[in-house]
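Asks: Build me a model from this:
(chains A and B)
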Amino acid sequence: MTNPMTITEKILAHHADKDSVGPGDLIEVSVDMVLANDITAPLAIRVFDELGTGRGFDREKIALVPDHFVPNKDIPSAQQAKIMKEFARLHDIKYYFEPGDAGIEHVILPEKGLVVPGDLVIGADSHTCTYGALGAFSTGMGSTDVGVSMATGKTWLKVPATIKVVYQGRLCPWVGGKDLILYTIGILGVEGAVYKALEFSGDVAGSLPMFQRLTMANMAVEAGAKNGIFECDEITRAYMEGRSERTPVYFNSDKDATYERVIDVDVSSIEPQVAFPHSPDNVRPVSQAGDIRVDQVFIGSCTNGRIEDLREAAGVLKRRSTARDTRLIVLPGSPLVYRQAIKEGIIETLLEAGAVIGPPCCGPCLGGHMGILADGERAISTSNRNFIGRMGHANSEVYLSNPAIAAASAVLGRIGAPEEIGCVVSEQKGCSDTILNF
Amino acid sequence: MKFEGKVWKFGDHIDTDVIIPARFLNVSDKDELKKSCFIDTRPDFAKGVVSGDIIVAGINFGCGSSREHAPLAIKAAGVGVVIAKGFARIFYRNAFNIGLPILESEEAFASFSEGDRISVDLVTGEIRGLESGKSFFAKPIPTFMQQIIAAGGLVNYIKERG
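Replies: This next block holds a predicted model:
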């Protein structure tokens, strides 16, 4: 009989080949997928080359995704992308994607079924924690750790204690995963979960569709967490149906598992949230945003670049136009999202509203390219960070929100809610699947 | 291993975008990276830092992105050691992996100001103010991390174990 464990502890024990593990244990674990992008891969490759392909090297357990500065924005970026591509070809890496097939790493890995429930994934990108939505343990590390894992198939970890956040109640209109995670980061603070696992629980979490879970797990790192995770349920199983060649292992927390802290959140009173500069924990309800004019609206990123996010934005923007002095930039998260958005007429709606549509990549989220802010400019963005200079000039400002708020703000030219432009949700289930316009 | 140098004081939640903005991540050469270290918020840093100088910061130092370019830039700029009240976890790990010494100390943050000259003994963990004479000990480094430091970084540690 093993000790009662959380889902995080169970996945870690499984990969450490142990019956049980507990918080603070230092363990060596096997890794199911190692990830790097065009910024972090070159450093990881340097480490890999020093170690050589050891017994643990597996060309099917490495994913290399050019997404940060692609299509290459300048000569140095092109050089970096080239290093990654040449490495991928030399070692016959199975999951290397050329732009056209590649999108944002954390959108395409779940989409293509490269990560499955029960997996242990590490990536040289802090938002690797996204895959916790699937009931996998995944965490961001630096290039050296990732280079070592590429060569050895292993890494070491300290087992984190878990903070459980229990969401109960009924979601208000326009409130979804993005608002729940921003609200939660507001409670915890950006250092509130450092070295911890965040387990999203309760009836509301259990009813959230997969895209909303991905948004929430994605931002666990914004509270400092090592990983964010959802237990596996019917929604997980339905999402995985026919998606992967690999067999998922569905873990759940034991009822008597130990949590370091349990936070109860009544969602009934939560409005759509906006994170003010320059920290994701600086949140306010949208009704208290005040008169914040915006020069730019960005809809996309590994947080909110999925088809449902674009659907939500298009629902708000249908038959409306962006404000005269506000530019709207939309980057679908993957080629599949892009194609689906064309099929559903979403791209047409966005173009009519005045949006510029860019290729599937990280774009302005990290101030790389395709939407950099000038001195004193303000943006509202569906991405995950609003640190000083994150999207451009050190004197620019970034506000974070869900796609509906971002879309409404594009029309208003200031931060505001869809109701202000006469847009209402007909039926609220997680977030808007059906949007009525008047 | 001992360092003696001038304090560069920073506050809480110094994120990796502030340490090195993403627009400078199109290279991975450390001598290039160091030029952009703290460029947006402290443009005097990269040019002013002298080998052995010490960063003293508040909580959650290095939060945000996983970019190893952040500790690399700090190290390449000449910083001997970073002392903070606490570190974000990815940064903490990255710093050890690339051989940037870091220590946790609440007292250092409370006691030292910008420009103070201090010494740090990495073996004993002693942090001492050279003008004030104030002295205290940092939180001990976990044994496993000490092994990585002793090996000269993670790559050597892995090589040694075969």
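
Asks: so where do the strands sit in chain B?
Replies: According to DSSP state E, chain B carries its strands in the segments B:2-9, B:54-57, B:81-84, B:102-104, B:117-121, B:126-129, B:135-137.

Asks: Including distance to residue B:68 and mean neighbour count, could those go into CSV?
Replies: The way it works is simple: take the backbone N, C-alpha and C, and place the C-beta from them, glycine included. Compiled in CSV, the strands of chain B are given as follows (distance: least, CB to CB, whole Å; neighbours: other CB atoms under 10 Å in any protein chain shown):
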stretch, distance to residue B:68, mean neighbour count
strand B:2-9, 21, 18
strand B:54-57, 17, 25
strand B:81-84, 14, 25
strand B:102-104, 14, 22
strand B:117-121, 23, 20
strand B:126-129, 26, 18
strand B:135-137, 28, 14
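
Asks: among those strands, which is nearest residue A:407?
Replies: Between residue A:407 and the strands of chain B, the tightest spacing by CB to CB is seen for strand B:54-57, at 38.3 Å.

Asks: Tell me the neighbouring strands of the closest one, and mark each as parallel or antiparallel.
Replies: Strand B:54-57 sits in its sheet next to strand B:2-9 (parallel), strand B:81-84 (parallel), going by DSSP bridges.

Asks: And for that strand, what's in contact with it?
Replies: Residues from elsewhere that reach strand B:54-57 (CB atoms under 8 Å, 6 or more residues apart in numbering or on different chains): B:3, B:5-12, B:14, B:74, B:79-85, B:108-109, B:112, B:118, B:120.

Asks: May I have it exported as CSV, CA atoms only?
Replies: What follows is strand B:54-57, C-alpha atoms only, in CSV (Å, rounded to 0.1, in the frame of the first residue of the first chain):
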residue,chain,number,x,y,z
ILE,B,54,27.6,41.7,-6.4
ILE,B,55,23.9,42.0,-7.1
VAL,B,56,21.7,42.2,-4.0
ALA,B,57,18.0,41.8,-4.6
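
Asks: burial count for residue A:12?
Replies: Using other CB atoms under 10 Å in any protein chain shown as the criterion, residue A:12 is surrounded by 26 other residues.

Asks: what does residue A:247 give?
Replies: 9.

Asks: Got the confidence number for it?
Replies: Looking at residue A:247, its pLDDT reads 97.

Asks: how about it, secondary structure?
Replies: The local conformation at residue A:247, judged by DSSP: H, G, I helix; E, B strand; the rest coil, is coil.

Asks: Enumerate the residues of chain B near chain A.
Replies: Proximity of chain B to chain A (CB under 8 Å from any CB of the partner chain) is limited to residues B:12-13, B:15, B:17-18, B:21-23, B:25-28, B:40-41, B:59-60, B:63-69, B:71-72, B:86, B:88-90, B:93-94, B:97-98, B:144, B:153-155, B:158-159.

Asks: So which residues of the stretch 251-400 of chain A form helices?
Replies: For the stretch 251-400 of chain A, applying DSSP state H, counting those that start in this stretch gives helices covering A:301-304, A:307-317, A:335-343, A:346-353.

Asks: Among those helices, which comes closest to chain B?
Replies: Evaluated with CB to the nearest CB, the helices of the stretch 251-400 of chain A place helix A:301-304 nearest to chain B, the distance being 12.1 Å.

Asks: Remind me what that closest one packs against, helices and strands.
Replies: Helices and strands touching helix A:301-304, by 3 or more CB pairs under 8 Å, 6 or more residues apart in numbering or on different chains; DSSP states H and E, are helix A:105-111, helix A:210-218.

Asks: pLDDT weak spots in chain B?
Replies: B:162 (pLDDT under 70).

Asks: Spatially central, which residue of it would that be?
Replies: Residue closest to the average C-alpha location in chain B (CA atoms, centre = their mean): residue B:82, at 2.8 Å.

Asks: Enumerate the beta-bridge partners assigned to that residue.
Replies: Where residue B:82 sits in a bridge, its partners, by DSSP bridges, are residue B:55, residue B:102.

Asks: for chain B, what are the nearby residues on the stretch 251-400 of chain A?
Replies: A:279, A:366-368, A:372, A:385, A:387-390, A:394.

Asks: just these: which has the poorest pLDDT?
Replies: residue A:368 (90).

Asks: quick one, what contacts residue A:290?
Replies: residue A:415.

Asks: same question but for residue B:28, I mixed them up
Replies: Residues in contact with residue B:28, defined by CB under 8 Å, 6+ apart, are A:42-43, A:46, A:80, B:69, B:72.

Asks: For the residue lying closest to residue B:32 once chain neighbours are set aside, grab the count of nearby residues.
Replies: In this structure, residue B:32 finds its nearest non-sequential neighbour in residue B:24, 7.8 Å apart by CB to CB, 6 or more residues apart in numbering or on different chains. If you count neighbours by other CB under 10 Å, residue B:24 ends up with 17.

Asks: wait, doesn't residue B:24 sit right on residue B:36?
Replies: Yes - the pair residue B:24 / residue B:36 is scored as a contact, 3.9 Å apart, by CB atoms under 8 Å.

Asks: Give the closest residue to residue A:258 in space, chain neighbours not counted.
Replies: residue A:4 (7.1 Å).
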